[in-house]
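>>> Let me see the structure of the following:
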Amino acid sequence: MWILVAFVVVAVVGTSAALLFSRRGVERHDAPPWLLPELAGKHVGIMAGLAGFAVTGIVLIVGLARGQPTATTPLSTVVIMMLVAYFFYVGSAFLFTYLLPSRETSKNVPPRVHFALGSTMEYRTLFVSWLALMPLLEAYGLVLPRQVLGWLIPASMLFGAVIVTMLMANVGLMRIKEIIVTISLSVLLAHGYGALVLLGFPDLRSEFSAIAITMVIFCLNGLGFVLAALTPLSPRYPAVEAFFEKYGRRMVIIDLQLSVTSLSLLGLAVAGAV
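Model (predicted):
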């Protein structure tokens, strides 16, 4: 499927450029403005509520669709997107629950990497569930709400990017200009592919593009979960701590770039552009 090829190309180009731009930067070790374990605990309740929303939405959609003359592919897309969101709302809650204790939390890298990876997972997962509303409205022929949502979700993504920028800068893993360049480059490259499809190669468009990118996000979340889940081993295993001290900043940069790329392509897919 061409959307997967586009993701790989955009991810390779964007990640290479982001790492090149940030090659001279280093993480900062000054104290963030929060106690990370305490803040992580507050996120657990948020994730629990969103997980309830996702699974309730799946049940309602399946119930409403029974015996109704609705489009099958859009509803299947909605259910798959909501399932992925549900899995990783729960996964994010586990990650935030097991954030490293406050032993030198403000002076070492692994807890910061853990919190950053968990937060970008939360960001990706939230917008997967919100973007799922667009094929849902399409399935029931609600044109006007779908058009309104087409403006509201990109605006919400922009507001979310402000939060991500503030977070990454305050935990000391990226500089603000690095974050802005990484996000902007990812959006431009993804939408460049969208413009290419719309203007010159409409045959590259597929009704299953949203499902394909949702599964890409599932894999990204799974990889992020595994990496973040390793950070609590760092107090007991020096090699693990050394690994995150050496590569943690680059992990976060790559994770941010892949997050914005995948969400941009998913937004284009549910809008029918790719």
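>>> what comes up buried for stretch 174-188?
For stretch 174-188, the neighbour count (16 or more other Cβ atoms under 10 Å) marks 174-175, 178-179, 181-183, 185-187 as buried. C-betas here are computed from N, CA, C, even on glycine.
>>> what's the longest helix in this structure?
Longest helix in the chain by number of residues (criterion: DSSP state H): helix 238-270.
>>> Run the chain-centre distance for that one.
Distance, stretch centre to chain centre, for helix 238-270: 9 Å (Cα atoms, centre = their mean, to the nearest Å).
>>> Can you list the helices and strands that it packs against?
With contacts defined as 3 or more Cβ pairs under 8 Å, 6 or more residues apart in numbering; DSSP states H and E, helix 238-270 has these neighbours: helix 2-21, helix 109-131, helix 143-170, helix 176-199, helix 209-230.
>>> which one of these lies closest to residue 50?
Taking Cβ to Cβ as the measure, the helices and strands packed on helix 238-270 were each checked against residue 50, and helix 109-131 came out nearest at 7.0 Å.
>>> if you average pLDDT over the helix or strand just after that closest one, what comes out?
Past helix 109-131, heading to the C-terminal end, the next element that is a helix or strand (DSSP states H and E) is helix 133-139. Taken as a whole, helix 133-139 has an average pLDDT of 83.
>>> picking that back up, looking at the helices and strands packed on helix 238-270, which is buried most?
Here the criterion is mean neighbour count by mean count of other Cβ atoms under 10 Å, and of these the winner is helix 109-131, at a mean of 25.
>>> how about the residue nearest to residue 173 when sequence neighbours are not counted, what does it touch?
Leaving out its chain neighbours, the residue that sits closest to residue 173 by Cβ to Cβ, 6 or more residues apart in numbering is residue 252, at 4.7 Å. Applying Cβ atoms under 8 Å, 6 or more residues apart in numbering to residue 252 gives the contacts 113, 116-117, 120, 168, 173-174.
>>> With distance to residue 158 and pLDDT added, can I get those residues in TSV?
Listed next are the contacts of residue 252 as TSV, based on distance: Cβ to Cβ, whole Å; pLDDT from 0 to 100:
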residue	distance to residue 158	pLDDT
113	25	91
116	20	91
117	22	93
120	16	93
168	16	88
173	21	88
174	18	90
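>>> Could you list the buried residues of stretch 241-257?
Residues of stretch 241-257 classed as buried: 241, 243-245, 248-249, 251-257 (neighbour count, 16+ other Cβ under 10 Å).
>>> Which elements pack onto the one helix or strand in the chain whose mean pLDDT sits lowest?
For the chain, scoring each helix and strand by mean pLDDT, DSSP states H and E identifies helix 36-65 as the least confident one, at a mean of 81. Packing contacts for helix 36-65, counted by 3+ Cβ pairs under 8 Å, 6+ apart, involve helix 72-97, helix 109-131.
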